[in-house]
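Engineer: Only the shape, not the letters, is given here:
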DNA sequence: CCATTAATTTAGT
DNA sequence: ACTAAATTAATGG
């Protein structure tokens, strides 16, 4: 690979030896990995930077190598509607792959992230040309679909304190694998994930802290009584 | 029970 | 210092 722009010749770790790569990449043959390599750019982005924008053409599928990302849509009133938090080793924009030519969601970095932009036609060709790989991509889309439906139905069934307790447990168990973590979103965004206001979020967190279920210091939060949080998540 | 409004405090750059 | 974000209290659907 050579071109007239020196900075584009910077050598990145190859897809073949990438330690962060999605497991299904192992199902590609050498030629396919090489094609992927040639149509893929690695980028480091900082917290708050946009990765994809709703409404723009789906020119790329993005692979999230490291960091946290939030998926959201633009709200009518100017308030964005958060859809979900996405962990590393995930693809962004997959659900827009066959949904017309535009991205249906925006994505922004919640902390410093490493991403790979993969040319969308290249990605589609890999899906067409490799059944095992396509199967794994279908699994991803299906899982995302199921978890989204479950999440929205669950939110619908709960009221504020239950929603907040649920989300805290979700962060602790699924996102951070720890009962202590740095809050990745603003109160406003957190509320938006659950369909509640930032004030209700504040009130719920303050209440939980007063009752000793959680401990907040700065942006760091500790779940000290997951038992009670579970109970509230179910009942209230 | 909870959103809205508004006033105040705190954090981030 | 200035702006964005968070908290708190009061009100009303």
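Structural biologist: Nice, thanks for sending it over. Everything quoted here is computed from the prediction, not taken from an experiment.

Engineer: What's the separation between residue A:51 and DNA strand B?
Structural biologist: Residue A:51 sits 18 Å away from DNA strand B, going by C-beta to the nearest atom of the strand, to the nearest Å. (Each C-beta comes from the backbone N, C-alpha and C, glycine too.)

Engineer: now residue A:197
Structural biologist: In terms of C-beta to the nearest atom of the strand, residue A:197 sits 4 Å off from DNA strand B.

Engineer: I figured that residue hits residue A:190, correct?
Structural biologist: No: if you go by C-beta atoms under 8 Å, residue A:197 and residue A:190 don't touch, sitting 10.5 Å apart.

Engineer: Who has more neighbours out of these two?
Structural biologist: residue A:190 (24 against 15; other C-beta atoms under 10 Å).

Engineer: three-state assignment of the closest residue to the more buried one other than its chain neighbours?
Structural biologist: What sits nearest to residue A:190 in space, not counting adjacent residues and going by C-beta to C-beta, 6 or more residues apart in numbering, is residue A:201, at 5.3 Å. Three-state assignment for residue A:201 (DSSP: H, G, I helix; E, B strand; the rest coil): helix.

Engineer: residue ranges of the helices in chain A, please?
Structural biologist: Assigned by DSSP state H, chain A shows helices spanning A:30-38, A:120-129, A:131-157, A:160-170, A:187-194, A:198-210, A:226-235.

Engineer: Can you get me a residue count around the residue nearest to residue A:190?
Structural biologist: Residues near residue A:201, counting by other C-beta under 10 Å: 24.

Engineer: who does the helix-or-strand element of chain A with minimal mean pLDDT pair up with?
Structural biologist: Each helix and strand of chain A was given a mean pLDDT (mean pLDDT, DSSP states H and E); the minimum falls on strand A:214-217 at a mean of 92. Neighbouring strands of strand A:214-217 in its sheet, by DSSP bridges, are strand A:220-223 (antiparallel).
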